[in-house]
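[1] below are the sequence and a predicted model; questions follow.
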Amino acid sequence: MTSRYVGLFAVAAAAIVLTGAGISAQEAERKGIPAPPGHVFKTIISGYEFRSKETRALQDDDLENPGFLAVERAADAWKKVEGSEGKSCASCHGEAETTMKGVGAAMPKWDDRLKKPVNLEQRINICRTEKMKAEPWAFKSQALTDMTAFVRFQSRGMPVAVKTDGPMSPWFERGKQIYYTRVGQLDLACASCHERNNGKFMRADFLSQGQTNGFPTYRLRDQRLVPLHERFEGCMFDVRAEPYKPLSDEFLALEVYVAWRGIGLPVETPSVRN
Amino acid sequence: MQRSRVAALALCLWAAAASAQEPIKLDVVNDSLPKSLTGAPGNAGAGKKVFLTRTLGNCLACHQVTSLKSEEFHGEFGPSLDGVAGRYSEAQLRLIVADPKRIFADTVMPAFYRNDGLSRVRPEFVGKTILTAAQVEDVVAYLKTLN
């Protein structure tokens, strides 16, 4: 190896150490929350902080934010009787504003009966099939994404508070492993972009920490609300990897782990992203 | 007619898949690839196109080049490539493009001429390289113009 390579190695290594600890120059300028001890970042920052002034303004204004159309649609669906039991969500849960407060901030949650974590989409479908005896909603259907946004909206402003200990810990570990595993023809891991390179441009994309506190999120590109597992799929697809299936154990584990990376961030649903 | 076309297509796909299965062996000498991958020199003009095309090199996704200022959006993952021809020999540049992890351990830069040792590759890309040997040579020829 020539000495020039040694020099480059040193520079590269120093850069890795810096970004690995989450201290990039940009990070210091963006508003975030201090991470708990032992966290990967020093400061945990919402994807909101990485978006343009215009996009942020759209999210900040409830009347302009297009995500609210979904929330309103689901507020009606909440009261709609469906299935052979003659029940609506409201039959069991009453006013969502009180009964659903905090629920979306703590997802995914451990399910004792299924012996695995379930996320909000799955929980909604469990209620539909088991309590209402109604058909489950398909993943990515407008109905399911609307309802997910509606329930999570009831936690808006509350800190993300996912539990990762006890029976959740193997799921956390699995999610962490997926997060750091390079995949696809481009051979990149979630961490390659969202940990090592957040705050930098990748062509026209300004990379965030890849936090989940805003989901489902209204994407200007798609002109609709996008559920979290669709975003996971998209990121994997872009590196030419075969994505895991939405609601698969792998994506559930990843959702648990990535929620922890954003622990304490305020829920922003419905957020607006490009 | 219809049938023979389908058959021909199937044959093509099979042939491509079969030839793509062989793992590529690079003749690395002192952290460099002295020999052209095609046996012929590349074309800098064609290389510039490969460099810019999003589905090919997409090099600007991560690098900045001052002489390409008219192109929008230069990425920041990697260093500026201004003057890169002065920092590396042609043989070194060839290895950096073909398989950069041999030089920069743990880099985020993809290997553009490698077809194995990757995981969960989407089926349409399995066993294939991002660039062909000729495209790598063209990109290397283009990099040599960045004095």
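    That came through, no problem.

[2] who are the contact partners of residue 66?
    I went with chain A, as the question did not name one. Shown in contact with A:Pro66 (C-beta atoms under 8 Å, 6 or more residues apart in numbering or on different chains): A:Leu58, A:Tyr218, A:Gln223, A:Val272. From N, CA and C alone the C-beta is placed, and that goes for glycine too.

[3] wait, chain B was what I had in mind.
    B:Ser80, B:Asp82.

[4] quick one, phi/psi of the residue nearest to the spatial centre of chain B?
    Taking C-alpha atoms, centre = their mean, the centroid of chain B lies closest to B:Phe112, which sits 3.5 Å from it. Main-chain torsions, B:Phe112, degrees, to the nearest 10: phi -90, psi -10.

[5] tell me where chain A has strands.
    Remark: strands assigned in chain A by DSSP state E are A:33-34, A:43-44, A:109-111, A:116-118, A:201-202, A:205-206, A:217-219, A:224-226, A:271-273.

[6] looking at it, A:Phe251 is touching A:Phe232, isn't it?
    Yes: with contacts defined as C-beta atoms under 8 Å, A:Phe251 counts as touching A:Phe232 at a distance of 5.6 Å.

[7] how about residue 125: what's its closest non-neighbour residue?
    No chain was given, so I picked chain A. Using C-beta to C-beta, 6 or more residues apart in numbering or on different chains and skipping the chain neighbours, the partner closest in space to A:Asn125 is A:Pro136 (4.0 Å).

[8] look at chain B instead
    Excluding its sequence neighbours, the residue lying closest to B:Phe125 (C-beta to C-beta, 6+ apart) is A:Gln185, at 4.4 Å.

[9] interface residues of chain B facing chain A?
    With C-beta under 8 Å from any C-beta of the partner chain as the criterion, chain B meets chain A at residues B:30-31, B:54, B:58, B:60-62, B:72-77, B:87, B:103-108, B:110-111, B:118-123, B:125, B:128, B:130.

[10] and those residues, which of them are in strands?
    Using DSSP E, no member of the residues of chain B next to chain A sits in strands.

[11] returning to that earlier point: any common contacting residues for A:Phe251 and A:Phe232?
    Listed as contacting both A:Phe251 and A:Phe232 by C-beta under 8 Å, 6+ apart are A:Tyr244.

[12] where does the stretch 51-200 of chain A dip in pLDDT?
    For the stretch 51-200 of chain A, no stretch is flagged by pLDDT under 70.

[13] which bits of it sit near chain B?
    Residues of the stretch 51-200 of chain A found near chain B, taking C-beta under 8 Å from any C-beta as the criterion, are A:181-188, A:192-193, A:196-197, A:200.

[14] need the buried ones from those residues selected in PyMOL.
    Filtering those down to the buried ones (16 or more other C-beta atoms under 10 Å in any protein chain shown) takes a single PyMOL command:
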select buried, chain A and resi 182+183+184+185+186+187+188+192+193+196+197+200
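
[15] give me the buried stretch members for stretch B:28-36, please.
    The neighbour-count check on stretch B:28-36 (16+ other C-beta under 10 Å) flags B:Val28, B:Ser32, B:Leu33, B:Ser36 as buried.

[16] closest to chain A out of these?
    When those are compared for distance to chain A (C-beta to the nearest C-beta), B:Ser32 wins out at 9.2 Å.
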